[in-house]
Structure formats: C-alpha cells, structure tokens
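Enquirer: How does the following fold in three dimensions:
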Amino acid sequence: MKRRCGKNPSFHAPAAAIIAALMLPPLLPVHTARAGAGGGAAEKETKEETVLYVFAHQDDEVCIAARMRSDVAAGRRVEAVWTTRGDKSGDPEVREKEARAAMAFVGVPDSALHFLGFEDQNSHATLVEAYLKTLEIALKAQPDEVFSNAYEGGNIDHDAAHFVAAMVSRALPDNPPHYEFPLYNSYRGTYQVAKFIPREGVETLYTPLTDELVDVKIKMLDFYPSQKAITGILASLVNRKQLKRTGEPYRRVPAYDYLEPPTDGVLGYELPANRTPHAFADFRQAVADFYNSPHNPAGAGGQTAPAKP
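Expert: Residues are numbered from 1 along each chain as shown. You can find the predicted model right below:
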C-alpha cells in the first residue's frame with residue numbers, strides 16, 4: 001500500500017484499511033474453498049487445495065491476513081505474489097524482508113513467496129511481463145482460488161495487480177474463482193478504506209475474526225518497521241471487540257470492464273496529493289495494449305469475460 005502526500009491525512013495512511021474494519025456492518029456471509037474442479041469424490045478428498053494471493057505492495061497482505069491464516073489452518077497451500085518492489089515507500093530489500101517475516105508469522109513458507117520486482121507506482125506499464133511471471137507461478141501451483149487487491153481506483157499498482165490476477169485466473173485450465181479485498185478508494189466524493197465500491201448483485205463476504213485471528217491482524221502491524229509512521233498509529237487505534245464483531249471483507253470479482261474506471265469521478269491515484277499521480281487514461285492504455293498482445297487469454301484484440309462462479 002502506498003503512502004500519500006498532501007493535507008488529507010487519509011492519503012497518508014492507506015494501511016488504515018485495518019481500522020476501517022471498525023466501521024463495517026456486522027459479520028455477514030462466509031464461503032469455504034471449493035474442492036478440485038471437475039473431479040470425483042476421490043479427487044476432492046485427495047487434492048491439496050491451493051490459494052494464490054496476488055498483491056501490489058509489501059504490506060497489502062495485512063488487509064487479508066485473517067483469510068490467509070485461516071487457509072493455512074485449514075491445511076490449504078498458500079502461494080503469494082507481490083508485483084512491485086515497493087521502493088517508493090522504503091528500501092525494497094527491507095520491505096521484502098518485512099513481508100517474508102510477516103508471512104512466516106501467518107504460516108506461509110518462504111518457498112511460497114514470489115517477489116516480481118516491477119517498478120513501484122508504474123507497474124501498469126509492465127502488465128504483460130507481470131502477467132507472464134504470475135501465470136508461470138500459477139501454472140505450477142494450480143490454485144483453486146485466486147485473491148487480489150480490489151479494482152477500485154485507489155492506487156494504480158493495486159489495480160494493475162488485480163488485473164494481472166484476473167487474467168491469470170481466466171488463463172488457468174480450471175478457471176479458478178477470483179476474489180478481491182478492498183483497501184482504499186473514493187466513492188461519490190467520499191474517501192473510504194476497507195469498503196468496497198458497491199456493485200449491484202455482488203455480495204460482500206466476511207472472514208470471521210476469532211480472538212486468535214484478531215491477534216494475527218494486530219500483531220501483523222509489528223512486522224513492517226519501515227512503515228512505522230503508519231503502523232504505529234494503527235496499533236494505537238485498533239479496537240479488538242469491534243474487529244471481532246465485524247470480520248474481514250472480500251467478495252467475488254464482479255464483471256468489470258477494465259477499459260472503464262471502477263467508479264465515477266476522480267480516482268484516488270489521479271489526485272494531485274499523490275507523489276506520483278496518474279490519469280486513468282494511463283491504465284486504460286496499458287489494458288488495451290495487453291488485450292492487443294498475443295498473451296491475452298481471449299486472443300489478441302479480444303477482451304476476456306469474467307470467470308464464471
């Protein structure tokens with residue numbers, strides 16, 4: 001998650017998505033990981049379930065840490081990918097070490113962590129390269145589910161990582177379902193964190209937060225000392241009871257048109273308060289170039305329909 005400049009304190013603290021859990025509605029539906037696609041009872045009993053997580057920056061994982069820990073506890077294999085090196089907010093080597101330590105705490109082995117190292121705040125310019133590297137990882141892992149940052153216009157790297165995950169989930173033989181989790185966005189002129197931009201007919205799901213999972217989310221903040229200016233504030237404001245009451249939000253990815261912005265109005269990454277503002281036109285051109293490339297899962301020049309539930 002990228003740190004913002006400017007007078008609006010919200011844009012200094014996108015990691016404050018954790019705090020937004022305090023403002024979420026009461027715990028609502030949850031889902032369980034699907035069994036191996038297409039097989040019989042024997043395959044469902046023997047196939048190791050795998051979940052692929054695709055992030056933009058080395059701390060985005062805090063916002064879905066409870067889900068990751070739940071996957072590990074359930075015996076699912078977790079693979080995690082970070083598309084950028086996170087250098088606009090700190091030393092990339094330090095940030096990678098922090099993410100590795102945080103994942104070890106969650107229970108994800110070091111061998112399952114993949115750092116692609118694309119340019120921070122410019123990863124949309126390398127969609128094809130990020131897609132090919134992530135697809136290579138996914139083809140080996142054969143995930144049953146894919147999770148990623150939401151497509152929400154808050155940070156252009158988040159949207160790029162989401163797009164990469166969407167294309168990978170559609171390119172895989174079993175077309176695993178793709179889920180997204182919110183970080184921060186602007187909706188109808190209001191800046192919001194850990195809340196989705198509403199989409200008609202799309203249900204928000206929640207990972208229930210037990211005492212152990214609340215501890216995970218709170219303790220995760222200690223693993224990013226390079227981001228102490230943000231995590232220290234968060235740690236002082238977290239309310240355990242409210243976290244436990246609300247849960248951790250995610251949802252099945254809607255039928256997005258990636259050539260259109262995720263919401264009306266000015267997107268978060270278009271605001272001049274950003275150190276590296278971009279126009280949505282930059283993202284649209286990158287998506288169009290991907291669609292016109294021979295690596296498009298739908299074929300060069302075609303758009304790819306969302307994976308079916």
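Enquirer: Now residue 115: which helix or strand?
Expert: Assigned by DSSP states H and E, residue 115 belongs to strand 113-118.
Enquirer: do residue 282 as well
Expert: Going by DSSP H and E, residue 282 is in helix 280-291.
Enquirer: next one: residue 264
Expert: Residue 264 belongs to no helix or strand, assigned by DSSP H and E.
Enquirer: ok now do it, which residues does it touch?
Expert: If you count contacts by CB atoms under 8 Å, 6 or more residues apart in numbering, residue 264 has them with residue 188. C-beta: built from backbone N, CA, C; applies to glycine.
Enquirer: just the strands in the stretch 101-250 of the chain please.
Expert: With strands called from DSSP state E, counting those that start in this stretch, the stretch 101-250 of the chain shows them at 113-118, 145-149, 178-181, 184-187, 190-193, 204-207, 248-252.
Enquirer: Please identify the most buried of those.
Expert: Among those, ranked by average contacts under mean count of other CB atoms under 10 Å, first place goes to strand 145-149 (a mean of 27).
Enquirer: list the helices and strands that strand packs on?
Expert: In terms of contacts (3 or more CB pairs under 8 Å, 6 or more residues apart in numbering; DSSP states H and E), strand 145-149 is packed against strand 50-55, helix 156-171, strand 178-181.
Enquirer: Go again with 10 Å.
Expert: strand 50-55, helix 65-73, strand 77-84, helix 127-141, helix 156-171, strand 178-181 (3 or more CB pairs under 10 Å, 6 or more residues apart in numbering; DSSP states H and E).
Enquirer: between the strands of the stretch 101-250 of the chain, which gets the lowest average pLDDT?
Expert: Between the strands of the stretch 101-250 of the chain, the lowest average pLDDT goes to strand 190-193, which shows a mean of 87.
Enquirer: I figured residue 134 hits residue 126, correct?
Expert: No. Counting by CB atoms under 10 Å, residue 134 does not reach residue 126; the two are 11.4 Å apart.
Enquirer: circling back: centre of the chain to the strand holding residue 115, how far?
Expert: Between the mean C-alpha location of strand 113-118 and the chain-wide mean there is a distance of 14 Å, by CA atoms, centre = their mean, to the nearest Å.
Enquirer: Give me the angle between it and strand 50-55.
Expert: Angle, strand 113-118 to strand 50-55, by axes from the mean of the first three to the mean of the last three CA atoms, to 10 degrees: 30 degrees.
Enquirer: who's in contact with strand 113-118?
Expert: Applying CB atoms under 10 Å, 6 or more residues apart in numbering, the contact partners of strand 113-118 are 52-54, 56, 58, 78-87, 92, 95-96, 99-100, 103-104, 123-127, 129-130, 133-134, 136-137, 141, 157, 160-161, 164.
Enquirer: Neighbouring strands - and their directions - for it?
Expert: strand 77-84 (parallel) (DSSP bridges).
Enquirer: for the strand it pairs with, which positions count as buried?
Expert: 77, 78, 79, 80, 81, 82, 83, 84 (16 or more other CB atoms under 10 Å).
Enquirer: closest to residue 287 among those?
Expert: Ranked by distance to residue 287 (CB to CB), the buried residues of strand 77-84 are led by residue 83 at 15.0 Å.
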